[in-house]
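Predicted model follows, preceded by the sequence.
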Amino acid sequence: MYRSWGKRTFDFIWAGMGLIILFPLFILITLVLRISGERKPFFLQQRPGLNGLPFTIIKFKTMRDSNSPDLSVKTENERITRVGKFLRKTSLDELPQLWNVLVGHMSLIGPRPLLMEYLPLYSPVQNERHRVKPGITGWAQVHGRNETDWKERLEMDVWYTRNVSLALDLKILAKTISKLLYSTSNSTQETDIPEKFKG
């Protein structure tokens, strides 16, 4: 029952409340990004959603464009801006995804939406992660996030899809809030872009 309609109700209510309550913060971050030189404060990209079907994810922009005329660095991690590092560390760059949740592309809790280019690389078992909507946070994110390797992360994603429940979602939500409130100041893993999945 929860998987079929309760989860969507849970998402709609909490995403709607979040957008209303956090609206001033959205405006503040947008202004900070504009002042820091970003003409486009939002990052849009196609990601695989439920059943692997593509949707457009929205996040606050944390990196310089790869074709920027003043770009003197080449690696993705070197393209992260100072403001971007703060947004990534605090996960504030993920806030616009509340809109993705509200319109039904994503869920608050679920496997993180990865890159479209990874789809052909998953094993049949790993591909089960797409049997539920992708989430802003998930089981893998509260158990190491980028500090775990790809095999462990995908195994946790599949475990979640097989064990979805209201109790589990509430547990993940509580752990996510706890991690955000008590994150350590020396955690570089939270800002660095992880190595790409190679299958």
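Perfect, thanks for sending it. Numbering: from 1, shown residues only.

From here on, just use CA atoms for contacts and neighbour counts.
Fine.

Quick check: next helix or strand after the lowest-mean-pLDDT helix or strand in the chain?
Lowest by mean pLDDT, DSSP states H and E among the helices and strands of the chain is helix 82-90, with a mean of 90. For helix 82-90, the succeeding helix or strand toward the C-terminus, using DSSP states H and E, is helix 97-102.

neighbouring contacts of that following helix?
11-12, 15-16, 18-19, 57-59, 106-108, 136 (Cα atoms under 8 Å, 6 or more residues apart in numbering).

how about that helix as CSV, C-alpha atoms only?
Provided in CSV are the C-alpha atoms of helix 97-102 (Å, rounded to 0.1, in the frame of the first residue of the first chain):
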residue,chain,number,x,y,z
GLN,A,97,15.1,18.8,-6.5
LEU,A,98,12.1,19.3,-4.2
TRP,A,99,10.5,20.5,-7.4
ASN,A,100,11.4,17.3,-9.1
VAL,A,101,9.7,15.5,-6.1
LEU,A,102,6.6,17.7,-6.2
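
Okay, buried residues for the helix or strand following that helix please.
Next helix or strand after helix 97-102 toward the C-terminus (DSSP H and E): strand 107-109. Within strand 107-109, the residues that count as buried by 16 or more other Cα atoms under 10 Å are Ser107, Leu108, Ile109.

pretty sure the second one contacts Val132?
It refers to Leu108. No. Leu108 is beyond contact range of Val132, at 11.4 Å (criterion: Cα atoms under 8 Å).

quick one: which helix or strand includes the residue nearest the centre of the chain?
The residue lying closest to the centre of the chain (Cα atoms, centre = their mean) is Ile136, at 4.5 Å. Ile136 is part of strand 135-137, with elements assigned from DSSP H and E.

May I see the buried residues of whatever helix or strand comes next after that strand?
Using DSSP H and E, the helix or strand that follows strand 135-137 towards the C-terminus is helix 150-162. The neighbour-count check on helix 150-162 (16+ other Cα under 10 Å) flags Trp150, Arg153, Leu154, Met156, Asp157, Val158, Trp159, Tyr160, Thr161 as buried.

Give the rounded mean pLDDT of helix 150-162.
Average pLDDT, helix 150-162: 96.

Contacts for whichever helix or strand comes after that helix, please.
Using DSSP H and E, the next helix or strand after helix 150-162 towards the C-terminus is helix 166-181. Under the criterion Cα under 8 Å, 6+ apart, residues Tyr2, Lys7, Thr90, Ser91, Ile109, Thr137, Gly138, Trp139, Gln141, Val142 lie in contact with helix 166-181.
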